[in-house]
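> I need the structure of the sequence given here:
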Amino acid sequence: MGFTLKNSLTFIGQHLPFQIDLHNPNHRTIHRISLTLIQLRKLGPIKEERTIIFKENLINFNKFQDEHYSQHFQIHIPYGINSSCSYFIPNKTFQWLIFVQYELYIKVHIRGINKNTSLTIPIVINHKTDVTLPSNYDSQSTV
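Down below sits the predicted model:
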């Protein structure tokens with residue numbers, strides 16, 4: 001399975017486009033391709049949480065057995081989630097690492113035991129900020 005992501009940086013409330021290229025040389029029966037957006041949070045030296053933001057089927061097949069499949073998809077990054085971030089807080093007794101990261105988990109569901117194929121792709125989600133510059137701002141400043 002091939003996965004093409006034009007940019008691993010996306011924004012809350014925006015669409016994230018990508019392409020999946022599926023190679024099926026043995027003509028196995030493929031039922032569907034699913035996608036899960038997962039948030040990873042770590043607070044301190046021990047606590048780590050994985051939260052599923054959403055899970056959806058990108059495509060359902062009716063016993064697809066062709067050798068090749070290629071399709072463009074896009075997902076909507078929902079409002080109400082935190083931006084990707086990481087902080088390092090030094091402490092005398094131990095060091096704190098706080099981070100929020102995201103990953104896409106893509107799975108091809110193939111008929112049979114242990115034949116599923118999957119990929120995990122890290123992405124960065126940020127808030128979209130509109131910066132309005134003053135009218136007298138010169139982008140080619142000299143030092």
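> list the residues that contact the most centrally placed residue in the chain.
In the chain, the residue lying closest to the centroid (CA atoms, centre = their mean) is Leu104, at 3.3 Å. Under the criterion of CB atoms under 8 Å, 6 or more residues apart in numbering, the contact partners of Leu104 comprise 18, 35-38, 119-121, 123. All C-beta atoms are positioned from the backbone trio N, CA, C, and that covers glycine.
> SS state for it?
Secondary structure, DSSP: H, G, I helix; E, B strand; the rest coil: Leu104 is strand.
> now do it against Pro25, distance only.
In this structure, Leu104 and Pro25 are 25 Å apart, going by CB to CB, to the nearest Å.
> can you check Leu16 too?
Relative to Pro25, Leu16 is positioned 29 Å away (CB to CB).
> hey, what's the residue nearest to Ser84 when sequence neighbours are not counted bridged with?
Nearest in space to Ser84, with sequence neighbours left out and distances taken as CB to CB, 6 or more residues apart in numbering, is Val124 at 4.6 Å. Residues in a beta bridge with Val124, per DSSP bridges, are Leu9.
> which residues of this protein score low on pLDDT?
Of all residues in the chain, those with pLDDT under 70 make up the ranges 45, 92-95, 113-114, 129-143.
> what about the longest strand in this protein?
In the chain, assigned by DSSP state E, the strand with the most residues is strand 47-64.
> tell me which helix or strand comes right after that strand.
strand 68-76 (DSSP states H and E).
> tell me the bridge partners for Thr120.
The partner residues for Thr120, given DSSP bridges, come to Tyr105.
> the residue nearest to Ser84 and Thr10 touch, don't they?
Yes. Under the contact definition of CB atoms under 8 Å, Val124 touches Thr10, with a separation of 7.3 Å.
> the two: which is more packed in?
With neighbours defined as other CB atoms under 10 Å, Val124 and Thr10 compare such that Thr10 has more, 21 against 14.
> need the contact list for the residue nearest to that one when sequence neighbours are not counted.
Setting aside the residues directly before and after it, Thr10 is nearest to Leu16 in space (CB to CB, 6+ apart), at 4.4 Å. Neighbour list for Leu16: 5, 10, 74-77, 123 [criterion: CB under 8 Å, 6+ apart].
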